[in-house]
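Q: just need the structure, nothing else, for what follows:
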Amino acid sequence: MSETVHRIMLDDKELIIIGTAHVSKNSAEEVKAIIEEEKPDSVAIELCNSRYQSIQDQDKWKKTDIAKVVKEKKSFLLLANLILSSYQKRMAKQIGIQAGQEMLQAIESAKETGAELVLADRDIQVTFARIWGNLGFWGKTKLFFTLVLSIFSDEKITEEDLEKMKSGDMLTSALSELAKSFPQLKESLIDERDKYLAQKIKTAPGKKVVAVVGAGHVPGLKEAIKEDQDLVALTKIPPKKKTGKIIGWTISIAIIALIVSTLIVNRDAGFDQILSWILWNGSLSALGTLIAFGHPLSILTAFFVAPVSSLNPLLAAGWFAGLVEAIVRKPKVSDFENLNEDVNSFKGFWRNRVTKILLIVVFANVGSSVGTFIGGAEVVRIFINSFFG
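A: Now for the predicted structure:
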């Protein structure tokens, strides 16, 4: 057995865990050889049902209702998923294989040997929801820009590098760096899924189970498998924190109170406050939409909606700008057909109408948020000058 394959005995049950690199040709070949040789009762793979369905239904993207995604406030989650997928696909393309080939091979080999297929990973939407729910405003902002900047990455990686990653050294180092920047991200993305995978693998049917997982999960999985894990707790989506809404409403009420107070003692200064609020919010939200190459109507929508939505934490300028973009430039079938290819490049992200809508939602909201801070500071400055200047 190679150093990437681990045998664990739990009472009378044998677990054979294969740690793979998701874009390694050797990993796929190893998966095929081991399943055919071991002939397990079950094959557990690091896929959830939604990702498995995506593999089985190649036309799934064509059925996406992008307007519904925007209305349900899932634009960032979908955009993040596409960016992360594009990074993996770029690496796979460099080596000339299909991303996730080892999972596809595991599915095929399970069918050929008559083994029961077990989808052992936690649903990707639950993972993203737990990540997002545990990040504060600045954490979300930092994560967003980290993801966006990754689109520009032209990192080259050799298959030799991938094989080194499977040994754990480079991967452990990478995860350590990730933990420093985003400790909550590592917890939800790696640690919790280690526990979830461990429980699904150890409870898979039969006396012999082959599990195919990413190499980064192996150390944590081997520890987690020693104890029973609570799957209900691991799939619970944390309730939205009220702190953000409280702060949002507090800022809104304070801004309105400052403007009204200023209008009472100095009408001209009060109108200056209103103008500054509108210009900073509207202009920066419109600029965000422009950066995403939004339609002129989408840009105008962002400009006029942002000053109002910034005073209501339940609304966001990006949602309106994104919906207008979806109506004016409704994605074509070809946009969904080309989505997998377009997300592999910076140009493709901005060209494809599907990803463009997602970018407009996110960038318009970021612009509006920045405008709120600058516009709010201007309102406070004018208030102070009017009363104490």
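Q: most distant residue from the centre of this protein?
A: Val265 (48.5 Å; C-alpha atoms, centre = their mean).
Q: wouldn't Ala317 be in contact with Ser369 here?
A: No - between Ala317 and Ser369 there is no contact under C-beta atoms under 8 Å: 9.4 Å. In this view, the C-beta of every residue, glycine as well, is placed from N, C-alpha and C.
Q: what about Val39, distance to Thr289?
A: If you look again at residue 39, you'll see it is Lys, not Val. 57 Å (C-beta to C-beta, to the nearest Å).
Q: look up how far Leu275 lies from the residue farthest from the centre of the chain.
A: Per C-beta to C-beta, Val265 is found 17 Å from Leu275.
Q: then Thr235?
A: Here the criterion is C-beta to C-beta. By it, Thr235 lies 49 Å from Leu275.
Q: now do Ile264
A: From Ile264 to Leu275 the distance is 17 Å (C-beta to C-beta).
Q: the more surrounded of these two?
A: Neighbour comparison, Ile264 and Leu275: the larger count goes to Leu275, with 13 against 10 (by other C-beta atoms under 10 Å).
Q: OK, contacts around that one?
A: Residues near Leu275 by C-beta atoms under 8 Å, 6 or more residues apart in numbering: none.
Q: so where does it fall, helix or strand?
A: helix 267-291 (DSSP states H and E).
Q: avg pLDDT for that helix?
A: Average pLDDT, helix 267-291: 95.
Q: now swap in stretch 4-22 and tell me
A: Average pLDDT, stretch 4-22: 89.
Q: any buried residues in it, and which?
A: Residues 4-6, 8, 14-22 are the ones in stretch 4-22 that count as buried (16 or more other C-beta atoms under 10 Å).
Q: can I get the host helix or strand of Gln53 in CSV, CA atoms only?
A: For Gln53, the host element (DSSP H and E) is helix 49-56. In CSV, the C-alpha atoms belonging to helix 49-56 read as follows (Å, rounded to 0.1, in the frame of the first residue of the first chain):
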residue,chain,number,x,y,z
ASN,A,49,-25.8,15.0,-3.1
SER,A,50,-25.9,18.4,-4.8
ARG,A,51,-22.4,18.0,-6.2
TYR,A,52,-23.1,14.4,-7.2
GLN,A,53,-26.2,15.6,-9.1
SER,A,54,-24.1,18.2,-10.8
ILE,A,55,-21.7,15.5,-12.1
GLN,A,56,-24.6,13.3,-13.2
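Q: show me the contact partners of it.
A: Helix 49-56 is contacted by residues 47, 60, 100, 103-104, 107, 119, 121, 123-125 when judged by C-beta under 8 Å, 6+ apart.
Q: now, of those residues, which are buried?
A: By 16+ other C-beta under 10 Å, the contacts of helix 49-56 give 47, 100, 103-104, 107, 119, 121, 124 as buried.
Q: re the thing from before, pick out whichever of Lys39 and Thr289 has more residues nearby.
A: Thr289 (33 against 12).
Q: double-check the more buried one against Val366; I have them as touching.
A: No - in this structure Thr289 lies outside contact range of Val366 using C-beta under 8 Å: 10.4 Å.
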